[in-house]
Structure formats: structure tokens, C-alpha cells
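Asks: here's my sequence, what's the structure:
(2 chains)
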Amino acid sequence: MAKTLYDKIWDAHIVSQVGADILLYIDRHLIHEVTTPQAFAGLNDKGRKVRCPEKTVATMDHSISTRSLALDACGPANQLQLQTLLQNCEDHGITLYPVGHQKQGIIHVMAPELGAILPGHTVVCGDSHTATHGAFGALAFGIGTSEVEHVFATQTLRQSKAKNLKVEVKGKLPIGVTAKDIILAIIGELGHAGATGYVIEYCGEAISALSMEERMTICNMSIEGGAKAGLVAPDNTTFEYIKGREKAPQGADWDAAVAYWETLYSDADAQFDRVVTLQAADIKPQVTWGTNPGQVIGVDDAIPAPTDFTDAVTQESASKALKYMALEPGQKLSDIAISHVFIGSCTNSRIEDLRAAASVAQRGNVVENVTAIVVPGSAAVKKQAEAEGLDKIFEAAGFEWRLPGCSMCLGMNDDLLKEGDRCASTSNRNFEGRQGRGARTHLVSPAMAAAAAINGKFTDVRQYEEQV
Amino acid sequence: MTPITVHTGTMVPLDIANIDTDQIIPKQFLTGVTRQGYGKHLFHDWRYLDEHEQVLNPEFNLNKPEYQGASVLITRENFGCGSSREHAPWALMDFGLQVIIAPSFADIFYGNAINNSMLPIRLTDAQMDILFAELAKNDKLMLTVDLNLQLVKCADHEFDFTIAEHHKHNLIKGLDAIGQTLEHADAITEHEKGLADWF
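Replies: As a prediction, the model looks like this:
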């Protein structure tokens, strides 16, 4: 029977049938300080061990400072959480990449850099943005802390199968339009919960043409459409990225690996439960206007009115979002002044993101009264960016250059906004209060964020590209 | 897990779609290392007028006198979207909310709720409208969820709901999911033997 990529990975990981469900084997378990302390405690209480410490990758990312490498830099509660992770990893024989380590970083940035994520893997993490790793053709999804404990103890999860959704992006992407704009446009099309119960496979000419960094940006935000996971079929772009990395297969193993990976695609006649098609040529740089990622428009579109939506619940959501965001229907984005810019997060903090932002940043200076920070996704990204002189470009333009971490994406450290602040952010969530109580978040691409910083307002980056 | 078969209680309404886990329990309360003590921070930004949680927002339903003691939250679609934080069901449970009824839930939240013996019940939009309307008429109205019969009973209404058989079984028996899976230890070992070293 013809299978989708998801079907193939699913079938290869069935340990046993349990009622209507299966036990799914987990190849990689990524962990960080926030969602694991209670899981380790549960394990310890029952005298259980971590079954496969060698399949577990640990780092510190959420609760850390981006100004200091000291574990106590963000107060005693954060420090205790970080020290708890240190102790738990030591007790259970798990390799930890702590703050200050040359391979530390946001878990979804550093794990691929290690070569720890391979096509055909199942990958879980107590973090909803685990979907990122679908870029490698791995089935990757976020889990809760009880499930983290379950994976520690059994290296499996009890799962029921999701449905298959194909999202095809046809044609070539216009100049100035990025992977972030593709995924925001897709979420705008599907709606904030439109993919709930599905695993998405992204395909089509515009997706195949993307780099691994760009594919990670796309898959990362699958959860923002409600999807269980997002996938891109592995190809030469994938293999080239993995080759030679620390944990990648070597020698004869490499050949065996590639031979297997080349079987990981959806069969031509595979059945999808649903298909959504977008034309790349129609996608513009995207900016969210509301308080969920589905509330998004093109940079030259006007802020919508609640009456533009059909059902009562969506109208009510729009009305509530406009009030929180202090926006009026019909307003132009180019008239909306921002106070902050955040370039970073597991969505957009990789080297290509920083290059794109720097190429815009070098055209001007951060305007007065705007605070702009750049937070590389990992120590490796930071090192590479500095080797290319990107840090100097940012600093010369008035951006702050920080240490790697999750930072202002969620503000578990001191990178927080105040009430009424308005931020152009390359992160993934524009929920009420996400970046600080009463703060307003607009999700954009790295180039759009840099353009907002040097203009003080949302600016269409396509004008810069056309000048080149 | 605590076994749960039938739950009866009063309701509190939050007539808002897409309530996300950042709203249920904001990030500054995720630095804990235990599962306890999150209830006082539940819905922090909506519930309190100040950062130090000294001044209650009288407009927020959880603070209104008529809804004190409620153990059933009725709300709208896509409840629990966003972050995977299990602190969300921990906070709801610690506050005293045992049942959440909505047209739909985000996947990760739904699983997290079940794993904490909390009942996430899916009803249709039309059935939700009826619950909101009945509650508006009588704010002390009792609602009963019978997990065995898969029924929600309220006023003169009876609504059936679906739940996966194993979720129902585990909730009613209060079973330890890890213990159940470890009964398959041989199958797990067998699977591992079949994996290439490089994989």
C-alpha cells in the first residue's frame, strides 16, 4: 500500500500494539531545564532509571541570562532550576551542554548542529517547538512533563496516529520573501488551530528550494497551526547539512544511512486526508496584527476589522485582539511605530537569519527610542556570526549583541517587555503577555525585524531587495 | 494518578477562544522544580491587577463571588494552545478546576490534562452555547460528568461525549502509564536490537 512519509516513519517505530494505540519508539529525547525537574523527581521517587541516556541530549536555554554566563544571573529560582538539571544529568549519565559550553544553545538550534537529528528519527522534547526537527524528515513533536518521565523510563510513548495533511507551496518565492513569511502565510490560511490532529508534510518547489535553516523555520511553527508535527522529505540538501557533523554516521555507516534516507518520501499515490496548496508568488512579507499567529496579514495589507470575519467566535477574537494590540481597522502597518525589536528564538536565530538581518541593518541605524537586541541561537551560531563580522554590523547600527538562549521569545530571564511596548519579533508566538504583561508582539522575518529597527515602523523589505 | 469516575460541581465560564498556556500560567512561574503551588498564579495577567498578586481584578470571572468554589471550567475552542508546559494543568488542578469543557483542545494540553487525572471534555459549539446560556440563568447550576457513561448532565440536558478508550480506562482506574508500558519491556528491547548502530 502506498504510504506517506509520516506513515513510513510511524510504521518503522511501532514497538507493540496496545489496544487501539501503539507504543512508539523514541530515537532522540531532547531536554532542557524547565520541563524536566518534575520528570526526574518522579523517576527518582519510583527508583527508575533513564533507559537510554545516550539517546538523550541536554542543554540550558530557557532560564538563562543573555548578558552573563553565570547561572545565578537571573535570580535564585532560575539558578536552582539550572543546578537541578546539572545534578539530574550527572546522576543519570546524560551528556549536558551547559551555559558556556561551545556547543550550548537553544535546544532546537544546537541539537541539529551536533548532527544528533537524522532523517527517519522520532524526536521528542518537553517543548512545543520540537516540530523544528521535522525539517530533517524526522517525526518530531512536543510533549508534557509526564511524558518526558515516560520517555526517560521506557524510551517509548503511547500514541494514536494523527491524520496526514499535505501543504504544497508551488512555484518560486518572490525576492524579499522568506521561510518565515511562508509559514506565517500557511498559518494564516489554515487558521491558528486549523491543523489540529494532523501531521503536516510541506512540499512543492518553493519548499524543496529551501536550505535546512529555512526548513527548520517552517517546521518550527507547525504547532502554531495546531499540528502534531511538520515534515519535509529528506534530500541532498538534508544529507549535505548532516555530513561530517559530530554525531553523524561516518564511513560505511554513512552510505547505509543515505541508502535508507533515500527511501523516506511520500509515495506518488499516497493518500493524504487533506491537501492545501499555496502559490509562492502570492506570498508577501508577513506581519501578525493580533494575539495569535493566525491573525496575520501581508505588509501592505490594512489591519482588518472584526466584521471581515464570518463566524462570531472569530469576530470576538479579532475584536479582543485589536483592543489588546491598540490597533484600529484600516490602519497601515507602515504607520505603526514600534519600541522594540527582537531577533532570535528557535524560529529565527540561525546563521542565515542573522545574515539576512545584518544585510538590512547595515543600511541604517536603530532609530532613537527603539531598543533592538540580537540573540544568536547557539554558541556555534554566535562564533560563526562573529567570524563573518555580523556582530560588528549590528553593534555599529545600534543593536545589542547578546549571548545565546531563548531570551525574549518567552522572557523567562530578564529580557522582558513592559506594558504598552510594541515589538517586531522574529519569534513564534504573539499571545497576550508572551513577551511581558501588556506588551504587544508582531511576528515577522529577520529582515523585516531589522527594517523595523532602522525605520521605527514596519517597512516592506522588498524595497531593499529591488535596489540590489 | 487519582481514580476519577463521576464529577459533580458548579461552573465558571470563560467565553474566550484560543486560551493559550502562556495565559493559563505565564513564564515567570515556570521556574519551579516541583508540581505543586501553581494555583495561586493561574491566569495571573487576567486575574490580578498588579504583578505581586495583591489586587484581584473584580471583572475576571474566577474572582466573582458567584463563581467561587467552581470546579468545572466552560470555555471555547482550541483551549490550551501554545506551549507544552504541564504547569498549565498543574495550575488549573491546584486552583480546584477538575473538569474543562470546550469544543476543542490543543493536542499537547489534552494529553497533559489526562496524565494529571483532569477531565478535558469535548462538546459541540451548540452544546457549549446551551451550557453558557444555562449558567447565565443560574450561576449555581450543578453539572455532572459521568465518565463511565460518557455523559455530561446539566439542568434538563444530557450530552454524550467521546474519549479514547485507554484514556477513559486509565482515568477510571487511576493507572500509572509508565508501569503499564514497562509490561512491554521485552518488545522495547526487541525493537532496540533491530536498530542499526549509526541510527
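
Asks: let me see the ranges of the strands in the stretch 1-150 of chain A.
Replies: With strands called from DSSP state E, counting those that start in this stretch, the stretch 1-150 of chain A shows them at A:14-18, A:21-25, A:28-31, A:56-59, A:96-97, A:122-125, A:139-142.

Asks: ditto for chain B
Replies: B:6-13, B:72-74, B:99-102, B:119-122, B:142-146, B:151-154, B:157-160 (DSSP state E).

Asks: those into JSON lines, with extra columns for mean pLDDT?
Replies: Shown next, in JSON lines, are the strands of chain B (pLDDT from 0 to 100):
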{"stretch": "strand B:6-13", "mean pLDDT": "98"}
{"stretch": "strand B:72-74", "mean pLDDT": "98"}
{"stretch": "strand B:99-102", "mean pLDDT": "98"}
{"stretch": "strand B:119-122", "mean pLDDT": "98"}
{"stretch": "strand B:142-146", "mean pLDDT": "98"}
{"stretch": "strand B:151-154", "mean pLDDT": "98"}
{"stretch": "strand B:157-160", "mean pLDDT": "98"}
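
Asks: now the ones you listed in JSON lines, with distance to chain A?
Replies: (Glycine included, C-beta is placed from N, CA and C.) Shown next, in JSON lines, are those (distance: least, CB to the nearest CB, whole Å):
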{"stretch": "strand B:6-13", "distance to chain A": "14"}
{"stretch": "strand B:72-74", "distance to chain A": "14"}
{"stretch": "strand B:99-102", "distance to chain A": "11"}
{"stretch": "strand B:119-122", "distance to chain A": "11"}
{"stretch": "strand B:142-146", "distance to chain A": "21"}
{"stretch": "strand B:151-154", "distance to chain A": "20"}
{"stretch": "strand B:157-160", "distance to chain A": "19"}
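
Asks: domain ranges for chain A?
Replies: As recorded under automatic domain parsing, the domains making up chain A are A:5-261, A:285-467.

Asks: tabulate those domains (CSV), appending distance to chain B and mean neighbour count.
Replies: What follows is those, written out as CSV (distance: least, CB to the nearest CB, whole Å; neighbours: other CB atoms under 10 Å in any protein chain shown):
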stretch, distance to chain B, mean neighbour count
domain A:5-261, 4, 22
domain A:285-467, 5, 21
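
Asks: okay if I get these as CSV plus mean pLDDT?
Replies: Supplementary listing: these in CSV, determined by pLDDT from 0 to 100:
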stretch, mean pLDDT
domain A:5-261, 97
domain A:285-467, 97
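
Asks: wait, which of the strands of the stretch 1-150 of chain A is closest to A:Val232?
Replies: Taking CB to CB, strand A:139-142 is the member of the strands of the stretch 1-150 of chain A nearest to A:Val232, at 11.3 Å.

Asks: where exactly do the helices run in chain B?
Replies: Counting by DSSP state H, chain B has helices at residues B:21-24, B:44-47, B:87-95, B:107-114, B:125-137, B:165-173, B:177-182, B:185-193.

Asks: do the stretch 351-468 of chain A as well
Replies: A:351-361, A:379-387, A:390-397, A:446-455, A:462-467 (DSSP state H, counting those that start in this stretch).

Asks: from the contact counts, what lies against the longest one?
Replies: Spelled out, that is helix A:351-361. In terms of contacts (3 or more CB pairs under 8 Å, 6 or more residues apart in numbering or on different chains; DSSP states H and E), helix A:351-361 is packed against helix A:212-220, strand A:340-343, helix A:379-387, helix A:390-397, helix A:446-455.

Asks: circling back to that earlier point, would a markdown table of the domains of chain A with distance to B:Leu56 be doable?
Replies: As requested, the domains of chain A are arranged in a markdown table below (distance: least, CB to CB, whole Å):
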| stretch | distance to B:Leu56 |
| --- | --- |
| domain A:5-261 | 24 |
| domain A:285-467 | 16 |
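
Asks: now distance to B:Asp22 too, for the helices of the stretch 351-468 of chain A, in JSON lines please.
Replies: Output for the helices of the stretch 351-468 of chain A, formatted as JSON lines (distance: least, CB to CB, whole Å):
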{"stretch": "helix A:351-361", "distance to B:Asp22": "23"}
{"stretch": "helix A:379-387", "distance to B:Asp22": "26"}
{"stretch": "helix A:390-397", "distance to B:Asp22": "28"}
{"stretch": "helix A:446-455", "distance to B:Asp22": "21"}
{"stretch": "helix A:462-467", "distance to B:Asp22": "32"}
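
Asks: contacting residues for residue 139?
Replies: Looking at chain A here, since you left the chain open. A:Tyr6, A:Ile9, A:Trp10, A:His13, A:His121, A:Thr122, A:Val123, A:Val199, A:Ala229, A:Leu231 (CB atoms under 8 Å, 6 or more residues apart in numbering or on different chains).

Asks: my bad, chain B
Replies: With CB under 8 Å, 6+ apart, B:Asp139 has these contacts: B:Thr10, B:Glu66, B:Tyr67.

Asks: just the buried members of these?
Replies: With burial judged by 16 or more other CB atoms under 10 Å in any protein chain shown, the buried subset of the contacts of B:Asp139 is B:Thr10, B:Tyr67.

Asks: which of the contacts of B:Asp139 sits closest to B:Leu182?
Replies: Using CB to CB, those come closest to B:Leu182 at B:Thr10, 39.6 Å.

Asks: so what's that closest one up against?
Replies: B:Tyr67, B:Gly69, B:Ala70, B:Ser71, B:Val72, B:Asp139, B:Lys140, B:Leu141, B:Met142, B:Leu143.

Asks: so how far is A:Ser63 from A:Cys406?
Replies: 8 Å (CB to CB, to the nearest Å).

Asks: quick check: neighbours shared by the two?
Replies: A:Met412, A:Asn413.

Asks: gap between B:Gly179 and chain A?
Replies: Distance, B:Gly179 to chain A, using CB to the nearest CB, to the nearest Å: 9 Å.

Asks: burial check on that residue, number of neighbours?
Replies: B:Gly179 has 12 neighbouring residues, counting by other CB atoms under 10 Å in any protein chain shown.

Asks: if I look at A:Leu390, how far off is A:Thr178?
Replies: 17 Å.

Asks: that older thread, which one of the strands of the stretch 1-150 of chain A lies nearest to B:Pro89?
Replies: strand A:139-142 (14.7 Å).

Asks: re the thing from before, closest one to A:Leu80 among the helices and strands packed on helix A:351-361?
Replies: Comparing the helices and strands packed on helix A:351-361 under CB to CB, the one sitting nearest is helix A:379-387, at 23.4 Å.
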